[in-house]
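S.K.: next comes the sequence, and after it the predicted model I'd like to discuss.
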Amino acid sequence: MKTRSKRYKESDKEREVTKTYTLKEAVATLKKFNSPKFDGSVDLHFSLNVDSKKSDQMVRGTVVLPHGTGKKVRVAVFCKGEYERQARDSGADHVGGQELIDKVAGGFMDFDCAIATPDMMKDLSKLGKVLGPRGLMPSPKTGTVTNDIAKAIEDVKKGKVEFRVDKQGGIHLGVGRVSFEETKIYENTSQVIDALNEAKPASIKGKFVKSLVISSTMNPGLRITL
């Protein structure tokens, strides 16, 4: 049996194990937890009523968090020519064409988001096995394959995050930091819930979200009623 830390046990006293909280109640309770010495993340864990093996039940989308993630996002932009200047001027951390592709193929992964111009996708496809499993492969569906480099970088830096259902029918993503005010965590979470409901596949009948849990780093999770 896993041994819980004294800090975790103190936090656990603040929650009712069998209770399903409203979102506001959950955020307020989460803020009472005895946090670790660093600024931990606040995460959402959805369990969806989908079969991820069926193409018409794949759930994927993006949402811009009103108050950002609280994390500095490192952006790599795969582009050529004039777009390189635009990318650098817009705050991209790594910019380049074939040389950046070769660098990533060699093991470089010092970035959290990848953006590419459409003309780079043919060459970038060779990195599919590297970027794909990490959720970093640029895609038109998420706005990361575009000629509007400045807008794409701005959205990501502001707090644009991607969600995608996994093989178990779950979605897990961060919505802020423990240091955020309650209202900011609540508004970020509400935005994600709305975006996820809008992404509900037409083929799903009945209940879409089976359960939702909010948690913070190294602390108990709280079930939320929807």
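M.R.: Arrived safely, thanks for sending.

S.K.: what are the buried residues along the helix or strand bottoming out on mean pLDDT in the chain?
M.R.: Taking mean pLDDT, DSSP states H and E as the measure, the helix or strand of the chain with the lowest value is helix 6-12, at a mean of 74. Using 16 or more other C-beta atoms under 10 Å as the test for burial, helix 6-12 gives S11. (Each C-beta comes from the backbone N, C-alpha and C, glycine too.)

S.K.: now swap in stretch 104-117 and tell me
M.R.: Residues V104, F111, D112, C113, A114, I115, A116, T117 are the ones in stretch 104-117 that count as buried (16+ other C-beta under 10 Å).

S.K.: one step back: export the least confident helix or strand of the chain as PDB, just CAs?
M.R.: C-alpha atoms of helix 6-12 as PDB (Å, rounded to 0.1, in the frame of the first residue of the first chain):
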ATOM      1  CA  LYS A   6       2.100  14.000   6.300                       C
ATOM      2  CA  ARG A   7       1.400  17.000   4.100                       C
ATOM      3  CA  TYR A   8      -1.000  14.900   1.900                       C
ATOM      4  CA  LYS A   9      -2.800  13.600   4.900                       C
ATOM      5  CA  GLU A  10      -3.300  17.100   6.200                       C
ATOM      6  CA  SER A  11      -4.800  18.100   2.900                       C
ATOM      7  CA  ASP A  12      -7.000  15.000   2.800                       C
END
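
S.K.: which residues touch the closest residue to D12 other than its chain neighbours?
M.R.: Ranked by C-beta to C-beta, 6 or more residues apart in numbering and with sequence neighbours excluded, the top spatial neighbour of D12 is P220, at 5.2 Å. Neighbour list for P220: Y8, S11, D12, R15, F33 [criterion: C-beta atoms under 8 Å, 6 or more residues apart in numbering].
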